[in-house]
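[1] Need coordinates for the following:
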Amino acid sequence: METKNASSALVRQPGEGPRRWFYGGGVHTWKAREEETAGAFLLFEDEMALNKVTPLHTHPDSDETLYVLSGEILMNLDGTEHRIAAGGLAMAPRGLPHAFKVLQEGTRILCLQTPGSAQSFYDGASEPLSGSDDPNGSGIVDFGRIRASGEAHGGIEIIGPPPFA
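    Okay, the predicted model is just below:
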């Protein structure tokens, strides 16, 4: 297998990038994929419904930074909860247990993972959307599929249910 040591220039305009329905809930629009950054990072926008929650999880091999573009989330970082509104940021270093819950309709986040080694996890835990597809994809939230993709591809470890009351 040939390895790429440097990335090429990349430009994506608003709304551009592959779109996928993520089985954790939400539509990912990929701004920069692992193969486009020579593995340096992954970057995607996540559009989520009100009350979406993630299970308590870690990313064993990457740091995850969430920047809230619109709306608000409740972020649990290693047992401590933080409300993060539009313009706010949270960073979960690799291995730190975390989860979040969407508090407002229309919430969108920008997710940066460094390095970009978890692309195959996300591909296994989502399905492609075309321009004519319903933006909710299949609409099915399936944490089992997320766990299975993590076990098969790495990138995430589910350690418990959502920690929110």
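[2] the helices in this structure, which residues?
    Along the chain, the stretches classed as helices by DSSP state H are 119-124, 143-153.
[3] can you give me the mean pLDDT across stretch 54-67?
    Mean pLDDT, computed over stretch 54-67, is 96.
[4] Show me which positions of it end up buried.
    The neighbour-count check on stretch 54-67 (16 or more other Cβ atoms under 10 Å) flags 54-59, 62-67 as buried. All C-beta spots, glycine's among them, are computed from the backbone N, C-alpha and C.
[5] With stretch 157-165 instead?
    Within stretch 157-165, the residues that count as buried by 16+ other Cβ under 10 Å are 157-158, 162-163.
[6] what's the answer for stretch 122-131, then?
    122-126, 129.
[7] Same question for stretch 65-84.
    Buried positions in stretch 65-84, judged by neighbour count with 16+ other Cβ under 10 Å: 65-68, 71-73, 75-77, 84.
[8] on that earlier part again, keep only those of the buried residues of stretch 157-165 that are in strands.
    For these, membership in strands holds for 157-158, with DSSP state E as the criterion.
[9] any chance of the buried residues of stretch 157-165 in JSON lines, plus pLDDT?
    Converted to JSON lines, those look like this (pLDDT from 0 to 100):
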{"residue": "Glu157", "pLDDT": "94"}
{"residue": "Ile158", "pLDDT": "94"}
{"residue": "Pro162", "pLDDT": "94"}
{"residue": "Pro163", "pLDDT": "96"}
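[10] between the buried residues of stretch 157-165, which is closest to Val141?
    Comparing these against Val141 with Cβ to Cβ places Pro162 closest, at 11.2 Å.
[11] nearest residue to the closest one other than its sequence neighbours?
    Distance criterion Cβ to Cβ, 6 or more residues apart in numbering; nearest residue to Pro162, sequence neighbours excluded, is Val53 at 4.0 Å.
[12] tell me the contacts of the one you found?
    Residues in contact with Val53 (Cβ atoms under 8 Å, 6 or more residues apart in numbering) are 99-102, 162, 164.
[13] ok so, going back, out of the buried residues of stretch 65-84, which two sit at the greatest distance?
    Using Cβ to Cβ, the two most remote members of these are Gly71 and Leu77, lying 18.5 Å apart.
[14] how many neighbours does Gly88 have?
    For Gly88, the neighbour count with other Cβ atoms under 10 Å is 15.
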